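A.B. asks: just a sequence and a predicted model for now, questions to come.
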Amino acid sequence: MCRFGRLRRELRRVKASGLAGARIVVAVTSPASADFYAGQLAALCAAGADVSFLASPSDAVARQCEDEGARYVPIDMERALSPLRDARALAQISAAIARLRPDLVNAGTPKAGLLGMIAAAGLRVPVRVHTLHGLRYEASSGVRRRAIWMAQRASCAAATHVVCVSRSLRERAIATHLLGVGEGSVIGDGTVNGVDSERLRRSASVLESGRALRLRLDVADDALVVGYLGRLAGDKGIRELAKAWRGVRGAGRRLLVAGEHDDTDPPDPSDLAVLEAASDVSFIGQLADPASFLAAIDVLVLPTRREGFPTVVLEAAAMERPVVATRATGCVDAVIDEVTGLLVPIGDAAAITAALERYLGDAALRARHGEAGRARVLERFTRERVQGAVVEFYQQLLA
């Protein structure tokens, strides 16, 4: 528990009485999404709440809950549509909520959001919060887009409150009629959980871990390195990344790609094949800690087609790394164009190439935008600040 002692001291200014004895359930689908709430469960517990966390079975999530003082309730859920398993998951969630008798349920990510809100509404939980992490239908079309919209609309309709993780996400949700005018809230300046600005800083140990990663990947000390960190998915813009790299690649330049394959939205195999065949591209898989990766690169690229609020952009900013990102929902909140990064049109590989060339050819610009990015994180997006705002928001809902 001492791991979260600093957070608890920061939260002493928050009146614990507002959550004292409150029973709170937080639910996500994938264990990978548990990091959205790293430290936040401890913050809620420190404010006096009895916290339960629902997610798919995972030893890592069980350890996280034990560390933070929360109760872990494993639920068999899958991100992909699976009617039979979804029905079983709904029954498990309903049974858990009936047993825990929460005052507030917060369910985020599409599957847990839908099943969690349906179960909580059916059991008449008084405060039902659906956290909207993004709009999956933004990158879809036709019947699939309509089906995804209807599922997300059902989640919102079953909730008493909808929290959007960014202002642009809320605006887009209203524009696409997922939410009505005036509906939806944004806590503070947005994001689910902020970033750990103490861990993500250019300390001697972190910089050394970055050099060690370069050495392991046979990347020269003086090489200019572009990094991509995220799901390997179609809606993350892997096609644009492959096209842009063809225009950027050259002597003394490398591309590092970190993240796991997303089977629910796989990129075109030919796009991945282009990158995998390139001798100047290294795939390093899923990362437990992004700090060494961000220390090893010079600029982060995120050619995404949709976001809610991309945490990876804040992580890069905390590490004083500039970002090239698209003008997608969420990215426009995470990046200040020409100040902390460069924003380009969605789907425009040539614009991504041009932006990367600007950074790779101008060390002073990289440094200036990187420093501005960390300053913004320290001002608005530290985990202590974001988690304090979440505790106060819950207090208001339960008052």
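C.D. replies: Cool, the structure landed. Note that this is a predicted model, so its numbers are computed, not measured.
A.B. asks: tally of neighbours for Ala399?
C.D. replies: Residues lying near Ala399 (other CB atoms under 10 Å) number 6. C-betas here are computed from N, CA, C, even on glycine.
A.B. asks: quick check: closest non-adjacent residue to it.
C.D. replies: Spatial nearest neighbour of Ala399, chain neighbours left out: Gly18 (6.7 Å); criterion: CB to CB, 6 or more residues apart in numbering.
A.B. asks: hmm, the one you found is touching Ala47, no?
C.D. replies: Yes: if you go by CB atoms under 8 Å, Gly18 and Ala47 touch, sitting 7.0 Å apart.
A.B. asks: those two - which one has more neighbours?
C.D. replies: Ala47 (27 against 18).
A.B. asks: I figured Gly184 hits Val165, correct?
C.D. replies: No: using CB under 8 Å as the test, Gly184 is too far from Val165 to be in contact (10.5 Å).
A.B. asks: more neighbours, the two?
C.D. replies: More crowded of Gly184 and Val165, by other CB under 10 Å: Val165, with 26 against 21.
A.B. asks: got a list of what the more buried one touches?
C.D. replies: Applying CB atoms under 8 Å, 6 or more residues apart in numbering to Val165 gives the contacts 131-134, 186, 190-192, 308-309, 330.
A.B. asks: most surrounded residue in those?
C.D. replies: Gly330 (30 neighbours).
A.B. asks: what's the spacing between it and Ser82?
C.D. replies: Using CB to CB, to the nearest Å, Gly330 is found at 27 Å from Ser82.
A.B. asks: ditto for Glu384
C.D. replies: Using CB to CB, Glu384 is found at 38 Å from Ser82.
A.B. asks: which one of these two is surrounded by more residues?
C.D. replies: Under the criterion of other CB under 10 Å, the comparison of Glu384 against Ser82 puts Glu384 first, with 18 against 13.
A.B. asks: which strand or helix spans the more buried one?
C.D. replies: According to DSSP states H and E, Glu384 maps onto helix 383-398.
A.B. asks: for Thr353, same thing?
C.D. replies: Residue-wise, Thr353 maps onto helix 349-360 under DSSP H and E.
A.B. asks: quick check, Arg170 in contact with Gly184.
C.D. replies: Yes: counting by CB under 8 Å, Gly184 is a contact partner of Arg170 at 4.5 Å.
A.B. asks: shared neighbours of those two, which are they?
C.D. replies: In terms of CB under 8 Å, 6+ apart, Arg170 and Gly184 are both contacted by the residues 132, 164.
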